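Visitor: Attaching a predicted model along with its sequence, questions to come.
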2 protein chains.
Amino acid sequence: MDARAYIEDHREEFLSSLKAWLEIPSISADPEHHGDVRRSARWLADHLTATGFPTVEVWETPGLPAVFAEWPAADPGAPTVLVYGHHDVQPVDPVEAWRTEPFVPTEIGTSLYARGASDDKGQVLFHALGVRAALAASGADAPPVTVKLLVEGEEESGSVHFAELLRDRRDRLDCDVAVISDTTMWAADTPSMCVGMRGVTDVEISLYGPTMDLHSGSFGGAVPNPLKAMSDLLSGLHDADHRVAVPGFYDGVVEAGPEERALIAELPFDEREWLRTAASTATWGEAGYSTLERVWLRPTAEINGMWGGHTGAGGKTIVPRSAHAKVSFRLVPGQEPLRVQDRVRAYVEANTPAGLRAELEFGGPGVRACASDLSSAAVKAARAAMERAFGTRVLYTREGGSGPEADIAEALGAPLVFLAVGLDEDRIHAPNEKVEVPLLLKGAESAAYLWAGLAAQM
Amino acid sequence: MDARAYIEDHREEFLSSLKAWLEIPSISADPEHHGDVRRSARWLADHLTATGFPTVEVWETPGLPAVFAEWPAADPGAPTVLVYGHHDVQPVDPVEAWRTEPFVPTEIGTSLYARGASDDKGQVLFHALGVRAALAASGADAPPVTVKLLVEGEEESGSVHFAELLRDRRDRLDCDVAVISDTTMWAADTPSMCVGMRGVTDVEISLYGPTMDLHSGSFGGAVPNPLKAMSDLLSGLHDADHRVAVPGFYDGVVEAGPEERALIAELPFDEREWLRTAASTATWGEAGYSTLERVWLRPTAEINGMWGGHTGAGGKTIVPRSAHAKVSFRLVPGQEPLRVQDRVRAYVEANTPAGLRAELEFGGPGVRACASDLSSAAVKAARAAMERAFGTRVLYTREGGSGPEADIAEALGAPLVFLAVGLDEDRIHAPNEKVEVPLLLKGAESAAYLWAGLAAQM
């Protein structure tokens, strides 16, 4: 029996399991639901055991537990794949905006509505179905690659103990490729593979001038004004082409290649629709790049907040004593967050006028960008697997936001592949989250093909 | 008997009167003291009657009363002088910072400590002494010019009814020159005459972008950021020489002449001391001008406040929906506040990128700058009078701040002369206000000479 037929045959069983899991309100950000997160971990462990994984463990952390499972390949020389996902979910507020109960999974047409349906329980669970389908297709009783699952319980509350978990369990997590099933594809009729995510680092900049607010009648125009200097500083973050003008900012940037840019250009992108989502009336950005390239491929400097001087009602003719700004930098592969921080510090120091004092406070070490190596066997195998499952060409996308994926890759010393079937329209952090059931089944089928493909190619 | 001898002979009587007036806590900003402001007006009216003014009236307003007095010249062809001052005083908080009771006038050395001693009761009262000294010197029973006094009761609470008073009493206020006795001179040993004050207009600028804060991961670098655009706008307010770069801003500016600049350069200016007062460590400003010229002679653009986006603790990676700034412009003679507002509006509109919407809210019609005509007979007579009284050369100063003086000049249709003997060190709006008694006597003597000089020269 081929993988697709197996999956079709087990559709109802899969859905029934998924619904049972979705009924558990595993909201990690809410201490009242921590018992539910533990219940969710046990449910998953039981399910993976029933699926046939010989090793299934609930890994405690100082916070909430992760689930680990391993199913060794028959061939000890076969590659090892580690699938990453999470079993905790977002809060449901505002609950009155839901048209169905968030924890009463409800099928409407092809959609299954529930908190966690897309992010991330549906996408974790298709792997259990996928591995059974691979076995059914091969007739073997072990998968063609060693399959490990690591399903975190604190992803929606900051993954606070995850780095420690990766470090402590390093020996158990050894793998040749890491598969991330926690993103989206372009559209139901345009399957795609995420091949990268931007990194980020952020800073609060303060400029201090006179030790008190000054009367602008007596002193205005004759001492440096911190808000003027801050405006100059922030205005100077970009050049006329809207490139980031911090010297050295682009050092080390690994540019996206022509193949990836060509595949991005093939995506059916509707800029008017995008602007509606952006609640904006015009695009803006770095010269020479499309809107999608600007949010996926290009590093940015963004002013997130700014304040200083008199911000209340009415006028107050002062030279303010200080100015403050919060700025974040989205990063792309090749940019080291700590090196970017050094460059930003140097830029601020070089552009602080005499008479003012600058202070910078970075929000931690930052997050590195990550990208898949498009020429790698893993990416090729994953794309081929998806193309076979979907029966159509698979394009590339990236994500403009930032996640811990680069750290997972770094901790495991393994290349990343994103295999996911969520959609942007799944409303993953909003009311009325849903997932498309047919896409989950395609995800399971893709996974089944991927294990075989990886065994053949790596 | 010459004016100086008369004044010396009446020193104690003058001081005793001034102390009696200073005991009245005429704080116009505090409704609890409005009765005291009325008492202060009556005290002054009685004092001017006793001085010999044939006409003395308390002019009621919808708020607090002003005092008007008039002493016609014997010669009906003699010029008319109107002296402006005010009889209300600043609040005394923080009262615990006073070393003497604010309303128990106390002589320490040459200083007389009390709220209002310098601002403005001392400087109003020396005119009563001055007119008596002029009579003593001439032996006549009427002054050589018609002397009018207009002493406001709401100057320290915004002069809210003063424009109306000027309009309603226009016929009684007719004059050939207006003498303002409410400013300062350079130093006790460097007498000087203020010859101008800057004007001001202020605006709140808002830029609106997306209709909600956006996730910078999804949209950063691809839609216009209002804080970025605001930084560009504000940074562009000045060119590399720190001149205001709003097109047309300098239209109509009447530059200070070489004589005035030369006299300003003669002032014994200690920049280190000035920086200490400015609580600053470096000067800044328009190329080609000294610090004093920057605060007195040059118009400015000053950012008074700015805010937008996330201003709380920690980071928040957003493209903010809006940005706001408060900017004030100090103006010099020849700049019309309303025309400057038009220029600022045009500058903001020309520099608002596509996708953003600008709103401007001006803080009223603004205040025009004022300046004395240095070639006028009135200024020459005033300077000569002060030089005779002080026995030394009198230099020119201006004030960087803004007051209603230009409106007084405009309402009366008369040129302005500033005759004042306050000092910057008098702490006029702070605890421990004082005045130098010898300077008040020099003020009286200067006034006495001025009336004679004006009669001869005009």
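Guide: Sure, I can see it.
Visitor: count of neighbours near residue A:19?
Guide: Residue A:19 has 17 neighbours, counted by other CB atoms under 10 Å in any protein chain shown. For the C-beta atoms, the positions are set from N, CA and C on the backbone; glycine is no exception.
Visitor: again, but for the one 4 residues further on
Guide: Counted by other CB under 10 Å, the residues lying close to residue A:23 total 17.
Visitor: Name the nearest residue to it, ignoring sequence neighbours.
Guide: residue A:103 (5.5 Å; CB to CB, 6 or more residues apart in numbering or on different chains).
Visitor: Check residue A:163 too.
Guide: residue A:407 (6.3 Å).
Visitor: That neighbour against residue A:368, yeah?
Guide: Yes. With contacts counted by CB atoms under 8 Å, residue A:407 reaches residue A:368, the gap being 7.3 Å.
Visitor: Look at these two and report which has more neighbours.
Guide: Neighbours per residue (other CB under 10 Å) separate residue A:407 from residue A:368, with residue A:368 holding more: 25 against 16.
Visitor: how about the residues of the stretch 351-458 of chain A near chain B?
Guide: A:353-355, A:363, A:399-402 (CB under 8 Å from any CB of the partner chain).
Visitor: make it 7 Å
Guide: Near chain B, the residues belonging to the stretch 351-458 of chain A are A:353-355, A:363, A:400-402 when assessed by CB under 7 Å from any CB of the partner chain.
Visitor: Any of those residues buried? List them.
Guide: Applying 16 or more other CB atoms under 10 Å in any protein chain shown to those, the neighbour count classes A:353, A:355, A:363, A:400-402 as buried.
Visitor: Reformat those as CSV; add secondary structure and pLDDT.
Guide: Converted to CSV, those look like this (DSSP: H, G, I helix; E, B strand; the rest coil; pLDDT from 0 to 100):
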residue, secondary structure, pLDDT
A:353, coil, 96
A:355, coil, 97
A:363, coil, 93
A:400, coil, 91
A:401, coil, 87
A:402, coil, 83
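Visitor: Tell me the one of these nearest residue A:439?
Guide: Nearest to residue A:439 among these, counting by CB to CB, is residue A:401 at 20.9 Å.
Visitor: what residues are up against the closest residue to the closest one other than its chain neighbours?
Guide: Distances taken as CB to CB, 6+ apart place residue B:217 nearest to residue A:401, at 2.7 Å, with adjacent residues excluded. Shown in contact with residue B:217 (CB atoms under 7 Å, 6 or more residues apart in numbering or on different chains): A:198, A:330, A:400-402, B:317.
Visitor: Do you have the helices of the stretch 351-458 of chain A handy? List them.
Guide: Per DSSP state H, counting those that start in this stretch, the stretch 351-458 of chain A carries helices over the ranges A:377-390, A:405-412, A:437-457.
Visitor: May I see the buried residues of the shortest one?
Guide: For helix A:405-412, burial by neighbour count (16+ other CB under 10 Å) applies to A:405-409, A:411-412.
Visitor: nearest to chain B, of those residues?
Guide: residue A:405 (13.0 Å; CB to the nearest CB).
Visitor: quick one, what contacts the closest one?
Guide: Here residue A:405 is in contact with A:180, A:197, A:370, A:416 (CB under 7 Å, 6+ apart).
Visitor: I'd guessed the third one sits against residue A:409; true?
Guide: By that I understand residue A:370. Yes. Contact criterion CB atoms under 7 Å: residue A:370 and residue A:409 qualify, at 5.8 Å.
Visitor: what do these two both touch?
Guide: Common neighbours of residue A:370 and residue A:409 (CB under 7 Å, 6+ apart) are residue A:416.
Visitor: tell me which residues in stretch A:278-296 are buried?
Guide: Result for stretch A:278-296 [16+ other CB under 10 Å]: buried residues A:278-281, A:283-286, A:289-296.
Visitor: would you list every one of the helices in chain A?
Guide: For chain A, the helices defined by DSSP state H cover A:3-9, A:11-22, A:34-51, A:121-138, A:162-168, A:216-219, A:226-235, A:258-266, A:271-277, A:291-296, A:337-350, A:377-390, A:405-412, A:437-457.
Visitor: Might you quantify the distance of the fifth one from its chain's geometric centre?
Guide: Okay, so that is helix A:162-168. Per CA atoms, centre = their mean, to the nearest Å, the displacement of helix A:162-168 from the mean C-alpha position of its chain is 18 Å.
Visitor: Could you check the pLDDT of residue A:313?
Guide: Here, the pLDDT recorded for residue A:313 equals 88.
Visitor: ugh, wrong one, residue A:430
Guide: For residue A:430, the model assigns a pLDDT of 89.
Visitor: Can you get me a residue count around it?
Guide: Residue A:430: 12 neighbours (other CB under 10 Å).
Visitor: contacting residues for it?
Guide: Per CB under 7 Å, 6+ apart, neighbours of residue A:430: none.
Visitor: Repeat that for the one 4 residues further on.
Guide: When the contact criterion is CB under 7 Å, 6+ apart, the partners of residue A:434 are A:111-113, A:117-118, A:426-427.
Visitor: 6 Å instead, please
Guide: Counting by CB atoms under 6 Å, 6 or more residues apart in numbering or on different chains, residue A:434 touches A:111, A:113, A:117, A:426.
Visitor: The one residue in the stretch 1-150 of chain A that gets nearest to chain B: neighbour count?
Guide: Taking CB to the nearest CB as the measure, the stretch 1-150 of chain A has residue A:90 as its residue closest to chain B, at 14.3 Å. Counted with other CB under 10 Å, residues neighbouring residue A:90 total 19.
Visitor: my read: it touches residue A:121, true?
Guide: No. Applying CB atoms under 6 Å, one finds residue A:90 not in contact with residue A:121, separated by 11.6 Å.
Visitor: picking up where we left off before, which of the contacts of residue A:434 fall within strands?
Guide: A:111, A:113 (DSSP state E).
Visitor: so residue A:321 touches residue A:214, yeah?
Guide: No. Assessed by CB under 6 Å, residue A:321 is found out of contact with residue A:214, at 7.8 Å.
Visitor: Please identify which of these two sits among more neighbours.
Guide: residue A:214 (24 against 18).
Visitor: and that one, bridged to which residues?
Guide: residue A:319 (DSSP bridges).
Visitor: domains in chain A, as residue ranges please.
Guide: With domains defined by automatic domain parsing, chain A comprises A:3-197+A:369-457, A:199-248+A:299-362.
Visitor: Ok, which of those domains comes nearest residue B:52?
Guide: The nearest among those, by CB to CB, is domain A:199-248+A:299-362 at 37.9 Å.
Visitor: next one: the closest one to chain centre, how far?
Guide: 29 Å.
Visitor: circling back: could you tell me the least trusted of the helices of chain A?
Guide: In terms of average pLDDT, helix A:405-412 trails the rest of the helices of chain A, at a mean of 86.
Visitor: For it, C-alpha coordinates in PDB please.
Guide: Written as PDB, here are the backbone C-alpha positions of helix A:405-412 (Å, rounded to 0.1, in the frame of the first residue of the first chain):
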ATOM      1  CA  GLU A 405      15.600  27.900  14.900                       C
ATOM      2  CA  ALA A 406      19.100  29.100  14.200                       C
ATOM      3  CA  ASP A 407      20.000  28.100  17.800                       C
ATOM      4  CA  ILE A 408      18.500  24.700  17.300                       C
ATOM      5  CA  ALA A 409      20.600  24.200  14.200                       C
ATOM      6  CA  GLU A 410      23.700  25.500  16.000                       C
ATOM      7  CA  ALA A 411      23.000  23.400  19.200                       C
ATOM      8  CA  LEU A 412      22.500  20.300  17.100                       C
END
